[in-house]
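**Q** with the input below, show me the fold.
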Amino acid sequence: MKAVAWTGFALLAALVIQTTLSQIAPARVQTLDPFLLVVVYCALSGGEVHGMLAGAAAGWIEDANFGGAIVGLSGLSKLLVGYAVGIVGGRFLITGPAPRLLMIFGAATVDAVLVQQFANAFDVPLADLSFTALLARSGANALLGAAFYELVDRRLRRERLS
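**A** This is a model prediction of the structure:
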């Protein structure tokens with residue numbers, strides 16, 4: 001139950017961050033994806049089911065507030081990404097900044113490609129993401145996410161030791 005509450009709080013924080021970014025720098029909104037960072041963290045810490053459910057919730061919140069004509073494209077892509085990251089995280093030891101950075105980079109890349117492909121499949125108009133923009137988006141999310149995960153883990157370690 002505690003994990004559900006923290007996931008809900010993290011999704012609310014992601015919504016606030018995304019809303020603030022869309023007001024401050026609308027051109028940079030596509031670069032940072034705080035919902036994806038929540039999904040990857042949930043998948044790495046809670047497994048594939050937690051990642052999948054967090055992905056579905058994050059995607060639906062993102063689509064409902066920032067999406068286009070069809071609600072559910074981000075929900076489906078983040079559900080698949082959360083499940084895949086949870087599977088990979090359960091099979092391999094992904095701790096420390098470098099493995100997490102690579103995992104977030106891969107998840108951000110896969111998420112962007114999946115959204116593009118789902119938009120094409122459902123004839124939803126979506127601006128094409130260039131290779132350079134994809135690398136910038138994935139890199140920015142990976143750097144920010146790895147730093148954020150490290151801060152969260154340090155805080156959790158301090159709480160356990162106290």
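**Q** going forward, measure contacts and count neighbours with C-alpha atoms only.
**A** Noted.
**Q** quick one, what contacts Ala142?
**A** Arg100, Leu101, Leu102, Met103, Ile104, Phe105, Ala108 (C-alpha atoms under 8 Å, 6 or more residues apart in numbering).
**Q** check the offset of the helix ranked longest in the chain from the chain's centre.
**A** The residue-count maximum for a helix in the chain (DSSP state H) belongs to helix 131-161. With C-alpha atoms, centre = their mean, to the nearest Å as the basis, helix 131-161 stands 11 Å off its chain's centre.
**Q** which positions within it qualify as buried?
**A** In terms of neighbour count (16 or more other C-alpha atoms under 10 Å), helix 131-161 has its buried residues at 134-146, 149.
**Q** then stretch 51-65?
**A** 51-64.
**Q** before we move on, what about stretch 31-49?
**A** For stretch 31-49, by 16+ other C-alpha under 10 Å, it's 31-49.
**Q** need the pLDDT of the closest residue in space to Thr31 that isn't next to it in sequence.
**A** Once flanking residues are discounted, Thr31 sits nearest to Arg137: 4.6 Å by C-alpha to C-alpha, 6 or more residues apart in numbering. On pLDDT, Arg137 comes in at 92.
**Q** which residues of this structure score low on pLDDT?
**A** Residue ranges of the chain with pLDDT under 70: 27-29, 68-69.
**Q** how about the helices in it?
**A** 2-24, 34-46, 48-66, 73-91, 97-121, 131-161.
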